[in-house]
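Q: Using only what follows, build the 3D model:
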Amino acid sequence: MVVDDLTLDDALACARLEAALFPGDDPWNAAAFRAELHAGYPYLAARRAEDLVGYAGIALLPAPAFSREPAEAEVHTIGVEPSVQGHGVGRRLLLGLLDRADAIGAVTFLEVRTDNVPALALYRSEGFEVVGTRPRYYASGADAHTMRRAARPRR
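A: Next up, the predicted model:
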């Protein structure tokens, strides 16, 4: 398994995986992934041989100049091919994103379905705490927890 930068050429594979993973929750299409990359957001890809088996992206917002407010980061998405879920791929992707957030001293936020038990366990194990709930956040009507991880020094 290799984790490297996601490229524009990966957008269609990401969209296919997204559609399989999140069919009732308004999955992103290839154009949405391309827009994220064009916006300059850091995105990572997990590859087995040459096949994309996971992706993850984060937005980084540096701290305002001359402010005591910390930088912020928001995990936009993480998706892992079902055949490799539970084998550490999601954790490797998440840690890659958190390294980017830690590099700027960012507090990191994300939303996750309240019924996504494996994802909640992963996020909690990496220091995220639930700070709120968004009713009917997803297109399917599912609720989401907003989670927060305090800024940490770079690993």
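
Q: which residues in this structure form strands?
A: For the chain, the strands defined by DSSP state E occupy 2-5, 43-48, 51-61, 71-80, 106-113, 129-134, 144-149.

Q: what would the ones you listed look like in a markdown table with mean neighbour count, mean pLDDT and distance to A32?
A: No exception for glycine: its C-beta is placed from N, CA and C like everyone else's. Formatted as a markdown table, the strands of the chain follow (neighbours: other C-beta atoms under 10 Å; pLDDT from 0 to 100; distance: least, C-beta to C-beta, whole Å):
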| stretch | mean neighbour count | mean pLDDT | distance to A32 |
| --- | --- | --- | --- |
| strand 2-5 | 12 | 96 | 18 |
| strand 43-48 | 20 | 97 | 12 |
| strand 51-61 | 21 | 97 | 10 |
| strand 71-80 | 22 | 96 | 9 |
| strand 106-113 | 21 | 97 | 16 |
| strand 129-134 | 12 | 97 | 20 |
| strand 144-149 | 20 | 98 | 18 |
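
Q: out of those, nearest to F22?
A: Shortest distance between F22 and the strands of the chain, using C-beta to C-beta, is found for strand 71-80: 7.6 Å.

Q: what angle sits between that closest one and strand 106-113?
A: 40 degrees (axes from the mean of the first three to the mean of the last three C-alpha atoms, to 10 degrees).

Q: Any chance of CSV for the strands of the chain, columns distance to C14?
A: Listed next are the strands of the chain as CSV, based on distance: least, C-beta to C-beta, whole Å:
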stretch, distance to C14
strand 2-5, 13
strand 43-48, 8
strand 51-61, 5
strand 71-80, 7
strand 106-113, 18
strand 129-134, 24
strand 144-149, 21
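
Q: Select, out of these, the one closest to L17.
A: Nearest of the strands of the chain to L17, taken as C-beta to C-beta: strand 71-80 at 5.4 Å.

Q: and the closest one, which strands flank it?
A: Using DSSP bridges, strand 71-80 pairs in its sheet with strand 51-61 (antiparallel), strand 106-113 (parallel).

Q: Just the C-alphas of it, formatted as CSV.
A: C-alpha atoms of strand 71-80 as CSV (Å, rounded to 0.1, in the frame of the first residue of the first chain):
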residue,chain,number,x,y,z
ALA,A,71,-5.1,28.0,12.4
GLU,A,72,-8.0,25.7,11.5
ALA,A,73,-8.3,22.6,9.3
GLU,A,74,-11.4,20.8,8.1
VAL,A,75,-11.3,17.2,6.9
HIS,A,76,-13.5,17.3,3.8
THR,A,77,-13.6,13.6,3.0
ILE,A,78,-12.1,10.2,3.6
GLY,A,79,-13.2,7.1,1.6
VAL,A,80,-11.8,3.6,1.6
